[in-house]
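# Pasted the sequence and its predicted model underneath.
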Amino acid sequence: MVTALPMETLTVQPAVSGRLDILKGYNLEMDPRLTITGKNLYKSRELVPKDFRISTAAEELALQLAEEAAGKDPRQATVFDDLFARNEGQVYVFQWTETGLRVPKGTQPEYFQTDSNGSKYYPRIVLIGDKEVGEVLVPEGDGRVVTKWDKVFGLPAETESIKFPHTPYTTHFRFNSNPQKDPVSGQQDVAVGRRSNWPHFENERCLNVDSDYERWGAGSDGGFRLVRGSVQVIERRRISLEADAVQKALASVGSG
């Protein structure tokens, strides 16, 4: 059983994007440090103390955007110290969240749509825990820079290939569009994790939203953030597979 560290109390109020998304402000107690387990998401859940849970991607993004709104560089924020090995063991932690992405049934995992600029978007179901809570179009990964956010789900909404130092952007995105079948869910699922990484071999790490890994995979650097408080209320957003669905979906997402 993981022992909870002294908690800090935040009021997390991510922005609402789109008329079909309802996200109520809520109080959240969070551990300022990550708990390193070296286990996969499913095994990590077994270590969470009673009345606590693992944070979501939206909650982690809210922490990042709060730093940016205060004019600070989130890469230097103490709340993300463990991602950058600013810890006793100098471990670059891969952070699990309870958010995941699932290939919709009947959809080929490599199927994508394009916008007017030719950028690719992959239809996916959003998971919080093991519950399907919405549908999104996921932009290209491959280490591209996140230029717009879906603040409701804590996911990249748009990415671009921009050379370092890509100011004012601080975050890259990696995405496995064709994951192996999850032995627990029986679906093609990936985690929405967080870590730091070297961008374009430059000598400075950036934040990464990392959806490369399946939820059942494990690494010695895996960990999570303990939080206490209910998960935000979200009315399920649905997307269309019409030809102009990308433009419609992006128009419904708030600027990041």
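Nice, thanks for sending it over.
# Pretty sure Y42 sits in a helix.
Yes - assigned with DSSP: H, G, I helix; E, B strand; the rest coil, Y42 falls within a helix.
# residue contacts, it?
184, 215-216 (CB atoms under 8 Å, 6 or more residues apart in numbering). Quick note: C-beta positions are derived from backbone N, CA and C, even for glycine.
# from the residues you listed, which has minimum pLDDT?
On pLDDT alone, W216 ranks lowest of the contacts of Y42, at 91.
# For that residue, pull up the helix or strand it's in.
Element membership of W216 [criterion: DSSP states H and E] is none; it lies in no helix or strand.
# wait, doesn't it sit right on G186?
No - proximity of W216 to G186 does not meet the contact threshold set by CB atoms under 8 Å, at 11.4 Å.
# More neighbours: these two, which one.
The neighbour count for W216 versus G186, taken as other CB atoms under 10 Å, is higher for W216 (17 against 8).
# Leaving out chain neighbours, which residue sits closest to that one?
N40 (5.1 Å; CB to CB, 6 or more residues apart in numbering).
# Show me the shaky parts of the stretch 51-200 of the chain.
Residue ranges of the stretch 51-200 of the chain with pLDDT under 70: 199-200.
# Helices along the stretch 151-256 of the chain, start to end?
245-251 (DSSP state H, counting those that start in this stretch).
# Bridged to the residue nearest to F112 when sequence neighbours are not counted, which residues?
Among residues not flanking F112 along the chain, K120 sits closest, at 4.3 Å (CB to CB, 6+ apart). Beta-bridge partners for K120, by DSSP bridges, are T114.
# correct me, but K120 touches P139?
Yes - between K120 and P139 there is a contact at 7.2 Å, judged by CB under 8 Å.
# Looking at those two, which one has more neighbours?
Neighbour comparison, K120 and P139: the larger count goes to P139, with 26 against 19 (by other CB under 10 Å).
# What are the neighbouring residues in contact with the more buried one?
P139 neighbours (CB under 8 Å, 6+ apart): 119-121, 156-159, 173, 175.
# Contact partners for Q188?
Q188 neighbours (CB under 8 Å, 6+ apart): 102-103, 109, 178-182.
# From G89, how far out is it?
33 Å (CB to CB, to the nearest Å).
# What's the per-residue pLDDT of K24 here?
48.
# If the spatially closest residue to G219 that is not a sequence neighbour is in a bridge, with which residues?
Closest residue to G219 apart from its sequence neighbours, by CB to CB, 6+ apart: F94 at 5.9 Å. F94 has these beta-bridge partners by DSSP bridges: G222.
# Identify the residues contacting F94.
Counted by CB under 8 Å, 6+ apart, F94 has contacts 193-195, 210, 213, 219, 221-223.
# run the last query once more with 10 Å
For F94, the contact set (CB atoms under 10 Å, 6 or more residues apart in numbering) comprises 34, 36, 38, 82-83, 191, 193-196, 208, 210, 212-213, 217-224.
# and if you look at R205?
75, 83-85, 92, 195-199.
# Filter those down to the ones in strands?
195-197 (DSSP state E).
# just to revisit the earlier point, tell me the two of the contacts of R205 that are most distant?
A85 and P199 (16.1 Å; CB to CB).
# Please identify which of the two sits among more neighbours.
P199 (21 against 14).
# that older thread, make a ChimeraX selection of the buried ones in the contacts of P139.
Listed next is the ChimeraX selection for buried residues among those, using 16 or more other CB atoms under 10 Å:
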select :119,120,121,156,157,158,159,173,175
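# As TSV, the contacts of P139 with distance to T167 would be great.
Formatted as TSV, these follow (distance: CB to CB, whole Å):
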residue	distance to T167
S119	21
K120	25
Y121	25
P156	18
A157	20
E158	17
T159	16
F173	17
F175	23
